[in-house]
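Sequence plus the predicted model coming up.
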Amino acid sequence: YDQMIGMGCARALTFSWGGNPGVGSLHRLRDAVENRWPVPLLLDERSHAEMAVAYTAGASALPCGVMKGPPLTDLATLSTDRVRPLSCPFTGQALIAVSAVTPDVTILHAQQADGDGNVLLRGIIGAAREAAMAARCVIATVEERVERLTADMNAVILPHWLISAIAVVPGGAWPSYAQGHYPRDNAFYSDWDGIARDRERFSAWMKANVLGCADHGSMLRQLGVAS
Amino acid sequence: YDQMIGMGCARALTFSWGGNPGVGSLHRLRDAVENRWPVPLLLDERSHAEMAVAYTAGASALPCGVMKGPPLTDLATLSTDRVRPLSCPFTGQALIAVSAVTPDVTILHAQQADGDGNVLLRGIIGAAREAAMAARCVIATVEERVERLTADMNAVILPHWLISAIAVVPGGAWPSYAQGHYPRDNAFYSDWDGIARDRERFSAWMKANVLGCADHGSMLRQLGVAS
Amino acid sequence: MKDAGYSRDEIMTVTAARQLAGGAVCFVGIGLPSAACNLARQSHAPGLVLIYESGTVDTRPEVLPLSIGDSELAETATCVVPLPEVFAYYLQGGRVDVGFLGAAQIDRFGNLNSTVIGDYQKPKVRLPGGGGAPEIATHARQVMVVMRQSTRSFVEQLDFCTSCGYLNGGGERQRSGLPGAGPRRVITDFGMLEPEAESDELVLTAVYPDVTVEQVQEATGWPLRAAPRVETLAAPRSEELAALRALHARTRAAHAEPVRIALPG
Amino acid sequence: MKDAGYSRDEIMTVTAARQLAGGAVCFVGIGLPSAACNLARQSHAPGLVLIYESGTVDTRPEVLPLSIGDSELAETATCVVPLPEVFAYYLQGGRVDVGFLGAAQIDRFGNLNSTVIGDYQKPKVRLPGGGGAPEIATHARQVMVVMRQSTRSFVEQLDFCTSCGYLNGGGERQRSGLPGAGPRRVITDFGMLEPEAESDELVLTAVYPDVTVEQVQEATGWPLRAAPRVETLAAPRSEELAALRALHARTRAAHAEPVRIALPG
C-alpha cells in the first residue's frame, strides 16, 4: 500500500502497523504523513488487537466490539470515533468499546479457488477472514484454480456466495509469500527502502514496473522474479 | 449428561439444547426438571448463540459479550443474570450483553494428543475450543497418543500449557462418534430412550454398565460395541 | 388421503421443499426442515446452500442427519466452522436468506415455543429447548416454519416464547428493530399459512387437494381466518415422491448399520 | 568493548535471553526481542513457548523471522490461529507469561512510544506504530523491554504514549486495573533497569562488565537513579556467543536466497 499512498490514490489509511517488516519505515507513508506528499493522508490508527475486534464486530454485523479496559494509551484516547469506555452491565467492570470496521471492498490473496468460487486461505491468515466477512464486497486473487480445494474440513475457507469476484493471479502475493507456493522476497523488501526513500526514484520505478506493465505477471517477469 | 442428572450428580445445568438428537427427549433431564427426581436441577438455559458468545467472552477473560438486540424472547428476559440490554456507545443501537460462562473444569474428547500434550480437535468442533479456553482447568480424553499430530497448521489445536490432564480413552466419544475413527451409534441413541424413560430400568443399566465396569473400555466390551 | 398415493407428511415435505429456490442460503433445523431442504437440494435446487447450526457450511449429505452434529454433515461440507462463527459471522452477519424452523407451538403471529409446555419453573413437559432457533428467527432474512397442525400445536397463547415471529402483530416486529423479515410461510400437513399485510396475523392461503378450509380451522387453536382466495397446492409429482422416499430409505439403511469400535490391546 | 570479544548488542541479547526460564509462554516482538527469545529457546530454555502476534503458537523457527508473518514461523508452529483469537483468547485471556517489547522511546515509568516523534498530527518522524504492543503491555503477566539506550530513546517525556508502563508511577498502574504487572525489566546495551517498589520508577540495577553507572546516567534523558546495590552482569559465555552468532549467520544465509516464482504458461 506504500505504492498507492505514493501515487496519491489513498485519501485515508485504517491501519495498526505501517512499516517495512524487517527493514524499517515505509517512506511513501512517512512522506504523506510528515509532508503531505503527494496528497494529505488521513490516519485511522488502531492497535492490532483493536483492529481484530473492529473487524470481528464488522463481520458480526455489530456496531462495536468489546475489549478489556480501561483505555489509557494516547492512541486509544486520540479519537472518540474509534474507542470509547464502556461499563459491563453485569459487573460494572471498565471495558473498552471499539467501533466496527466495515470496508466497502476487501481485497485479499489466497491459495486456491474451486469451480464454485469457494476460496481457501492457508497459513498465517491474520484477520483476513474477518476483514472479508466485514466487507460489503470481497475480491479475491488466487494462486490457482482447482477442481476441489485440497483442504481439511476445518480449513479456513470463504464460501462462494460471500465473494464478488475472483482473479487467478499466480505470484499475486509478491513481494510477500504464498504459503505452499513460494517464499518471501526479502531482498525486494530491502530494495524497496531505497526505491521509496526518494520521490523521483519511486515515481520512475512505478512508471516502469506498474504503469508500464500489462499485468502482474509481466511485472514479475520484467523484474526478473518470475520465469 | 442424562446419566449424571439421573444419578443425582448434577446440581445445575448450563445448556442451550437438552434433547436426544434424532430421537426426542432426555428422560432423566425431564424427570429432574418436571419431578425433581432424584434431586432438583437448576437450569441455566441460553440459546446456542448466547452460549457461543458466553464461552467466547469467558475465553477472552471478558465479563460479557455482545449480540445484536433487543432481547425480546421469554428466554432472554427470564433472568437478568444471563442477558441484559446494552446500548452501543457509538450509535446508540440496542444490543444484548450476555454474561460470560467460565467453567471450573471443561472436559472434552478429542482425536489426538502428542508427546508435549497438545490436543487436536477435528470435525464439528462447536464451541469446544472456547469452552476449553474459558475454563480454569481442562481435562481431555483422546482416541490416541501420537508422536506428532497429523494436522494442518490451521487445524484446531489446544496447546499443551492450557491442558491440566489427558487420558487416552479409545472409543471415548461413544455413543457419539469421533471424526476419522468411528461413526455415531444411532441404535444406542434409540435404545437410550427406552432405558432412560423408566427410573428403575435406568438405575439397573447404570449399575450394570457404568458402576459395574472398571473403565470405559470394559463398558464398551460388555455392551458388545467394542472388540 | 392414503388413496391419493402419498401421506400428509410427504406432501408437507414436498411443499416445503418447493418454497426453496436456486442459490438461496438456508439455515436448517433437524427433522422436517432438514428433510425438506435436502429434498430441494437433491431435486430442483442443486445450488441451494445448506448451513446447519453445528457449523457445517454448504453441506451436501446423501442421507438425512439424525443430529446437527452428524459426521455426514462435516464430511460433505465445504467447510466446518466453530459455533461462535456460524452464529456471529453467518447468521447475525446477515448472510442467511432462509431460516427453516419447526416448533412445538406456534401462535397467530408466528411466535414459536420449543422450550416448555406449562410453566417454565414447573413444566408439564420439558422440551429440549431453543437451540439455535431464537437467533435464526431473529436474523434470517426470512423464516419458513414446517409443523404438523393441531389445536395443541397451533395455539391461542404460547406457554413460552422461544423465538420471535411478529410479536403482537401490527408491525411490532419491524418497529422493534429485529433484522429479519420473520416467518413468511408456515407449511403444515393441511396447507400453508402466511402473514397478512398490516396485521401480521397468519391466515390460510393454501390447502392440499381434498383438504377443506373448515378442516384446517378445526385443527387450529385460534379462530383462523382464510385469505380472500385460498389456493389449492399441487399434489407431489411422482418424481418428487420417489426422491423423498429414496432419501428416507437411504437414511434408514445408513442409520441401521451397527457400530463396532476396535479397541487397541 | 570490542576487546571483550563481544559487542554491546550481543551482551544485550544474551542478557535478555537469560531472563527467560523453562516453560514460560512469551509473546514476542520482532527484532531484538525475537533474537533474545529464540536464543533462549535454542539454548538453556528449550521448553519456552513463543507466540508471535501474527498467530503462530509455540513456534520454533530455525532462523530469525524478518516479519511476524514469515512462513518459517507458520511452518514450525504447533498451530496458527487467526489474529482475533491470538489477541482475545491468548493475550487478553491471561495465557501469556512474558511480553517482550522494544520501542523508540521509554520514560522513567516504563511507558513506551513506538508511534511518532513530535506531534501526532504533524510528526517529525512517523514511526510504524504500535501493532500488538499496547495490549501486550496491558495483558502479559509481566513485560520485558529490550532497547538500545541513549538520551534520544530514554526520555524525560514521551512524545506519544503507545503502550502503558506504570503510567505516572506510585502504584497508578495497579489502581487503574490493568491486568498485567507491567515492565519488570528493561535490558539495554549498558545494563538493566528495574522498577523501584512503591515509586515504580525505573532505577539502574545492573551493568555490563566495564560499564560505569555514570556512563548509563549520561545515556539517559532523565536523572537516572542507581539502586543501592548495582550488580555486574556476567559476560556472555563462549557457547552463548557461538549460539547467537550461528543464529544470525543462519538467518542471513536464509534471507539472502533469491526468490524465483514459476508462472504457468
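Thanks, I have it.

Now do the residue lying closest to C:Ser199 once chain neighbours are set aside, the pLDDT please.
In space, and not counting its chain neighbours, C:Ser199 is closest to C:Gly169: 5.5 Å by C-beta to C-beta, 6 or more residues apart in numbering or on different chains. To be clear about C-beta, it is placed using only N, CA and C from the backbone, and glycine gets the same treatment. If you check C:Gly169, the pLDDT there is 97.

who does the host helix or strand of C:Ala74 touch, helix- and strand-wise?
Taking DSSP states H and E as the criterion, C:Ala74 maps to helix C:71-75. Under the contact criterion of 3 or more C-beta pairs under 8 Å, 6 or more residues apart in numbering or on different chains; DSSP states H and E, helix C:71-75 touches no helix or strand at all.

Break down the stretch 1-150 of chain C into its strands, ranges please.
Counting by DSSP state E, counting those that start in this stretch, one finds strands in the stretch 1-150 of chain C at the ranges C:25-28, C:49-52, C:56-57, C:79-80, C:98-101, C:105-106, C:112-113, C:116-118, C:123-126, C:142-146.

Oh, that last question was meant for chain A, not what I typed.
Assigned by DSSP state E, the strands in chain A fall at A:12-15, A:19-20, A:24-25, A:42-45, A:64-68, A:83-87, A:94-99, A:105-113, A:119-121, A:137-145, A:156-158, A:165-168.

Pipe these into TSV and attach distance to C:Tyr52 per row.
Below are the strands of chain A laid out as TSV (distance: least, C-beta to C-beta, whole Å):
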stretch	distance to C:Tyr52
strand A:12-15	35
strand A:19-20	43
strand A:24-25	49
strand A:42-45	38
strand A:64-68	26
strand A:83-87	34
strand A:94-99	31
strand A:105-113	24
strand A:119-121	21
strand A:137-145	23
strand A:156-158	16
strand A:165-168	26
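
Of all these, which one is nearest chain C?
Chain C sits nearest to strand A:156-158 of all these, at 4.0 Å, using C-beta to the nearest C-beta.

how about A:Gly8, what does it touch?
Contacts for A:Gly8 (C-beta atoms under 8 Å, 6 or more residues apart in numbering or on different chains) come out as A:Pro38, A:Val39.

hmm, 10 Å instead?
Counting by C-beta atoms under 10 Å, 6 or more residues apart in numbering or on different chains, A:Gly8 touches A:Arg28, A:Ala32, A:Trp37, A:Pro38, A:Val39, A:Pro40, A:Leu41.

and if you look at A:Ile125?
A:108, A:110, A:131, A:156, A:179, B:153-154, D:54-55, D:74, D:80-83.

What residues does the stretch 51-200 of chain C have near chain D?
Counting by C-beta under 10 Å from any C-beta of the partner chain, the stretch 51-200 of chain C comes close to chain D at C:Pro82, C:Glu85.

Now do the helices in the stretch 51-200 of chain C.
Ranges of helices in the stretch 51-200 of chain C, per DSSP state H, counting those that start in this stretch, are C:71-75, C:83-85, C:133-139, C:172-176.

As a markdown table, the ones you listed with mean pLDDT, distance to C:Leu241 and mean neighbour count would be great.
Below are the helices of the stretch 51-200 of chain C laid out as a markdown table (pLDDT from 0 to 100; distance: least, C-beta to C-beta, whole Å; neighbours: other C-beta atoms under 10 Å in any protein chain shown):
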| stretch | mean pLDDT | distance to C:Leu241 | mean neighbour count |
| --- | --- | --- | --- |
| helix C:71-75 | 88 | 23 | 23 |
| helix C:83-85 | 96 | 36 | 25 |
| helix C:133-139 | 96 | 29 | 28 |
| helix C:172-176 | 96 | 36 | 15 |
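
Of all these, which one is nearest D:Gly191?
For the helices of the stretch 51-200 of chain C, proximity to D:Gly191 was assessed by C-beta to C-beta; helix C:83-85 is nearest, at 46.8 Å.

If I look at C:Asp3, what pLDDT would I see?
On pLDDT, C:Asp3 comes in at 65.

Kindly report the same for the one 4 residues further on.
C:Ser7 is assigned a pLDDT of 95 by the prediction.

Any figure for the gap between it and C:Asn113?
Using C-beta to C-beta, to the nearest Å, C:Ser7 is found at 26 Å from C:Asn113.

Tell me which of those two has more neighbours.
Taking other C-beta atoms under 10 Å in any protein chain shown, C:Ser7 and C:Asn113 do not tie; C:Asn113 has more neighbours (24 against 14).

Other residues contacting the helix or strand of chain C with the lowest mean pLDDT?
None of the helices or strands of chain C scores lower by mean pLDDT, DSSP states H and E than helix C:71-75, at a mean of 88. Residues outside helix C:71-75 that contact it (C-beta under 10 Å, 6+ apart) are A:153-154, B:122-125, B:176-184, C:28, C:34, C:50-52, C:54-57, C:59-67, C:80, C:251, C:254-255.

if I look at C:Gln121, how far off is chain D?
C:Gln121 is 35 Å from chain D, where distance means C-beta to the nearest C-beta, to the nearest Å.

Am I right that that residue is in contact with B:Val33?
Yes - C:Gln121 lies in contact with B:Val33 (C-beta atoms under 10 Å); the separation is 9.4 Å.

Among these two, which residue is more densely surrounded?
Between C:Gln121 and B:Val33, counting by other C-beta under 10 Å, B:Val33 is the more crowded of the two (24 against 9).

Which residue, other than its chain neighbours, is closest to that one?
Distances taken as C-beta to C-beta, 6+ apart place C:Arg126 nearest to B:Val33, at 4.4 Å, with adjacent residues excluded.

Number of residues surrounding the one you found?
26.

Including neighbour count, distance to chain C and pLDDT, could the contacts of A:Gly8 go into JSON lines?
Formatted as JSON lines, those follow (neighbours: other C-beta atoms under 10 Å in any protein chain shown; distance: C-beta to the nearest C-beta, whole Å; pLDDT from 0 to 100):
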{"residue": "A:Arg28", "neighbour count": "27", "distance to chain C": "34", "pLDDT": "94"}
{"residue": "A:Ala32", "neighbour count": "24", "distance to chain C": "34", "pLDDT": "94"}
{"residue": "A:Trp37", "neighbour count": "16", "distance to chain C": "39", "pLDDT": "91"}
{"residue": "A:Pro38", "neighbour count": "16", "distance to chain C": "37", "pLDDT": "94"}
{"residue": "A:Val39", "neighbour count": "12", "distance to chain C": "34", "pLDDT": "94"}
{"residue": "A:Pro40", "neighbour count": "12", "distance to chain C": "34", "pLDDT": "94"}
{"residue": "A:Leu41", "neighbour count": "19", "distance to chain C": "30", "pLDDT": "94"}
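
Need the pLDDT of residue 70.
This is for chain A. Confidence score, pLDDT, at A:Pro70: 86.

That was the other one, I meant chain C.
With respect to pLDDT, C:Asp70 has a value of 81.

before we move on, the earlier item: please identify which of the contacts of A:Ile125 is nearest to B:Gly58.
Of all the contacts of A:Ile125, D:Val81 has the smallest distance to B:Gly58: 17.0 Å, by C-beta to C-beta.

Distance-wise, check the residue lying closest to that closest one once chain neighbours are set aside relative to A:Pro175.
Leaving aside its chain neighbours, D:Val81 sits nearest to D:Gly55 (4.6 Å; criterion: C-beta to C-beta, 6+ apart). To A:Pro175, D:Gly55 is 21 Å away according to C-beta to C-beta.

Now do the same contact list for residue 220.
By default, I'm working from chain A. A:170-172, A:174-175, A:185, A:209, A:213, A:226-227, D:260-261, D:263.

Hmm, no, I was thinking of chain C.
Counting by C-beta under 10 Å, 6+ apart, C:Thr220 has contacts C:106, C:108, C:149-151, C:153-156, C:188, C:190, C:193, C:202, C:204.
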